[in-house]
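Enquirer: need coordinates for the below:
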Amino acid sequence: MRRLAWLGIGFALACGRSGFEFPEAGTASLGGDGSDGGGGGHDGSDAPSDDAQDDGFVFVPEPDLPAMAPSCGNGVIDPGELCYLPSIEYASRIDPCALALGDLDDDGHLDVVVPNSDFNHAETPSNVASVLRGDGKGGLGSPEAWLAGGDVPVGVTIGDFDGDGIDDLAVTNAYAASLNVLLAAAPAAFGDAVPYTIGDTPVMSAAGDIDGDADVDLAVTNSGSGDISVLRNRGDGSFELAASYDSPGTPWEVILSDLSGDGVLDMAVATSEGAQVFVWQGLGDGAFATAGSLATGDGTLGLIAVDLDEDGWPDLVASNSWVSTITVYMADGAGSYVPHSNVAVGTQPRSLAAGDFDSDGLVDIATADESDNAVLVALGDGAGGLVPVANYPVGLLPSAVRAGDLNEDGVLDLVTSNQSSNTVGVLLSNP
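Expert: The predicted model follows:
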């Protein structure tokens, strides 16, 4: 097994309309002078100091944003053109706090599911998750509510947990301290939620086979208790709590990816307090060993693993809400990660999506910037560099952004969950 080696590198409203807030932003942690790390980031005032750049980072300021390419709309996919129509907003029920994409009804078209946090139970006495079915042309249907169990659902993950070929749902319930699994008896027809008690204030989960038995397991971040719960699938869609791993700071997004190149899923977690990404190496039997941490920026909420430089190794990109940047770490091909850049994006980037948005064959990044009510697209150069080039208004307080081809034109579309406008927004590609 190849070990993960590491370099020695050194809220805004989270979900819903009341309560559940992050503490005030602390000091900058990328070698700055200790000044307040919150705020916008547009003018470069939140850029790391020269000390941080000496640690290996290059700070990339946000440039002016150009207009749409003149070739957009001609129906031809031209490499390098970035073409998106204005966001179309679909009612989602109250407080869509996150979203996931998948073909839930097995009709060949992508659908959307959101957890409706509804803190005050303004819409219904029972908490729900809502499914919006895609029509394959970029449109979404009315929200179909499924009882999510627990209280204040804030995260959702799609996976075939019982191995029947039909997608199921896993919903994190913040106030109930539970992960609820909804097994589908038929496509987009979910049974009663089965609760699993985990840590305090769970927020996000990730699915993957961590123990090599071909069943889909789950990892969940518990922001209140500061740990990650790992649940192993028994093989029938039921789970056992295998272990909990302490995470300094406030854990938020969790990913499962083979970061060490040994064929076993590893685990990485973004932490909003402490400005770090913590990493555990998978041992292949469902257990994890601490591998190290990577410095980011204050308020790290989003995290994705994606191969930015096409070397076959997943790189890491984190969104830093309080300093309005994204941090890029490049895999070195030997199990270690090297600091690459801090890129200024929109105000309070919360969520990330990756894909080839301009059809040039290179991986790009999109951020959901909740204070700007916008999605920003940064184009990749194939070597780990990211340049922000376009900003697209969406609904109010976008909590998540995901990429998928909803209109099936061969170019990825962008989808947001917009908490304060109670909508799912769709930015359709328009080549």
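Enquirer: the closest residue to G299 other than its chain neighbours: helix or strand, and which one exactly?
Expert: Distance criterion CB to CB, 6 or more residues apart in numbering; nearest residue to G299, sequence neighbours excluded, is W322 at 3.2 Å. Placement of C-beta: from N, CA and C, glycine included. Per DSSP states H and E: W322 is located in neither a helix nor a strand.
Enquirer: give me the number of residues near W322?
Expert: W322 is surrounded by 29 other residues when neighbours are defined as other CB atoms under 10 Å.
Enquirer: got it, and V415?
Expert: Counted by other CB under 10 Å, the residues lying close to V415 total 30.
Enquirer: surely it is in a strand?
Expert: Yes: with DSSP: H, G, I helix; E, B strand; the rest coil as the criterion, V415 is located in a strand.
Enquirer: show me what it bridges to in the sheet.
Expert: R402, V426 (DSSP bridges).
Enquirer: so what pLDDT did the closest residue to D369 other than its chain neighbours get?
Expert: With CB to CB, 6+ apart as the measure, G346 is the residue that lies nearest to D369, at 2.9 Å, once sequence neighbours are left out. Per-residue confidence at G346 stands at 94 (pLDDT).
Enquirer: also G155?
Expert: Note for G155: predicted pLDDT of 97.
Enquirer: ok, back up a step: ok, the residue nearest to G299 touching G297?
Expert: Yes: with contacts defined as CB atoms under 8 Å, W322 counts as touching G297 at a distance of 7.2 Å.
Enquirer: any weak-confidence spans in this protein?
Expert: Regions of the chain meeting the criterion pLDDT under 70 cover residues 1-67.
Enquirer: in it, which spans are helices?
Expert: Listed in chain order, the helices found in the chain under DSSP state H are 50-54.
Enquirer: thinking again about what came up before, how many residues are close by the residue nearest to D369?
Expert: Residues lying near G346 (other CB under 10 Å) number 24.
Enquirer: same question for the one 4 residues further on.
Expert: Taking other CB under 10 Å as the criterion, the count of residues near R350 is 26.
Enquirer: from G249, how far off is it?
Expert: Distance check for R350 against G249: by CB to CB, to the nearest Å, it reads 16 Å.
Enquirer: likewise C72?
Expert: Using CB to CB, one obtains 42 Å as the distance from C72 to G249.
Enquirer: surely W252 is in contact with N222?
Expert: No: contact criterion CB under 8 Å: W252 and N222 do not qualify, at 10.4 Å.
Enquirer: starting at the chain centroid, how far to stretch 365-376?
Expert: 12 Å (CA atoms, centre = their mean, to the nearest Å).
Enquirer: buried set for it?
Expert: Residues of stretch 365-376 classed as buried under the neighbour-count rule (16 or more other CB atoms under 10 Å) are 365-376.
Enquirer: could you do stretch 247-264 as well?
Expert: Of the residues in stretch 247-264, those scored as buried under the neighbour-count criterion (16+ other CB under 10 Å) are 247, 249-257, 259-262, 264.
Enquirer: gap between the two ends of that stretch?
Expert: The first residue of stretch 247-264 is 21 Å away from its last residue (CA to CA, to the nearest Å).
Enquirer: same deal with stretch 151-164?
Expert: Across its full length, stretch 151-164 reaches 28 Å end to end, with CA to CA as the criterion.
Enquirer: return the distance of it from the chain's centre.
Expert: Centroid separation for stretch 151-164 versus its chain: 15 Å, with CA atoms, centre = their mean.
Enquirer: G224 touches I198, doesn't it?
Expert: No: counting by CB under 8 Å, I198 is not a contact partner of G224; they are 10.5 Å apart.
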